[in-house]
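**Student:** attaching a predicted model along with its sequence, questions to come.
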Amino acid sequence: MAKISIRNIMFYGFHGVYEYEREQGQKFYFDVELETLNDKASETDEVDDAVDYASVYQLVKDIAENKRFHLLEALSAYINEQIVKEYALVGVVTTRVRKPSVPISGQIDFVQVEMTKRR
């Protein structure tokens with residue numbers, strides 16, 4: 001089994017509970033961790049036996065920029081569902097979504113939601 005991490009991806013999206021968040025949008029940051037079902041790629045050194053993390057990046061980008069969610073939990077779960085659906089080699093996927101601009105009165109770096117899906 002291999003573990004692949006794509007860290008601190010940034011996309012501009014239109015997610016949030018409040019209408020102004022969905023209209024104005026903001027930056028969102030993502031971490032995606034994939035665990036493969038086997039380690040065949042390490043034995044064969046063949047791209048066809050591996051997860052194409054560039055296409056995983058593109059999938060997350062498409063969802064983050066073109067879909068709209070009220071909750072980070074729903075956004076993260078949808079990403080996980082699509083990754084498991086698209087990539088047969090992925091056994092476990094964990095996605096973290098960070099939202100730096102949140103409607104909280106006080107000093108805060110970001111709010112983060114983490115969701116994991118197992119095949």
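**Tutor:** Now that the structure is in, tell me what you want to look at. Numbers count the residues shown, from 1 in each chain.
**Student:** Ser5 belongs to a strand, doesn't it?
**Tutor:** Yes. Counting by DSSP: H, G, I helix; E, B strand; the rest coil, Ser5 is part of a strand.
**Student:** so who does Pro103 touch?
**Tutor:** By CB atoms under 8 Å, 6 or more residues apart in numbering, Pro103 lies in contact with 18, 21. Glycine gets a C-beta too; all of them are placed from N, C-alpha and C.
**Student:** how does it look with 10 Å?
**Tutor:** 16-18, 20-21 (CB atoms under 10 Å, 6 or more residues apart in numbering).
**Student:** quick one: buried ones out of the residues you listed?
**Tutor:** Buried subset of these (neighbour count, 16 or more other CB atoms under 10 Å): 16, 21.
**Student:** save the contacts of Pro103 as CSV, and put in distance to Thr36, secondary structure and pLDDT too.
**Tutor:** Formatted as CSV, the contacts of Pro103 follow (distance: CB to CB, whole Å; DSSP: H, G, I helix; E, B strand; the rest coil; pLDDT from 0 to 100):
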residue, distance to Thr36, secondary structure, pLDDT
Gly16, 33, coil, 94
Val17, 35, coil, 94
Tyr18, 39, coil, 91
Tyr20, 41, helix, 92
Glu21, 35, helix, 92
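**Student:** now the residue lying closest to Leu75 once chain neighbours are set aside, what's its secondary structure?
**Tutor:** Distances taken as CB to CB, 6 or more residues apart in numbering place Phe69 nearest to Leu75, at 4.2 Å, with adjacent residues excluded. At Phe69 the chain is in coil, as set by three-state DSSP.
**Student:** so what's the residue count around Phe69?
**Tutor:** By the criterion of other CB atoms under 10 Å, Phe69 has 21 neighbours.
**Student:** ok, Ala2 next?
**Tutor:** 15.
**Student:** just Lys3 next, same as before
**Tutor:** Around Lys3 there are 10 residues (other CB under 10 Å).
**Student:** distance of it relative to Arg119?
**Tutor:** Distance, Lys3 to Arg119, using CB to CB, to the nearest Å: 15 Å.
**Student:** do Gln58 as well
**Tutor:** Noted for Gln58: a distance of 21 Å to Arg119, by CB to CB.
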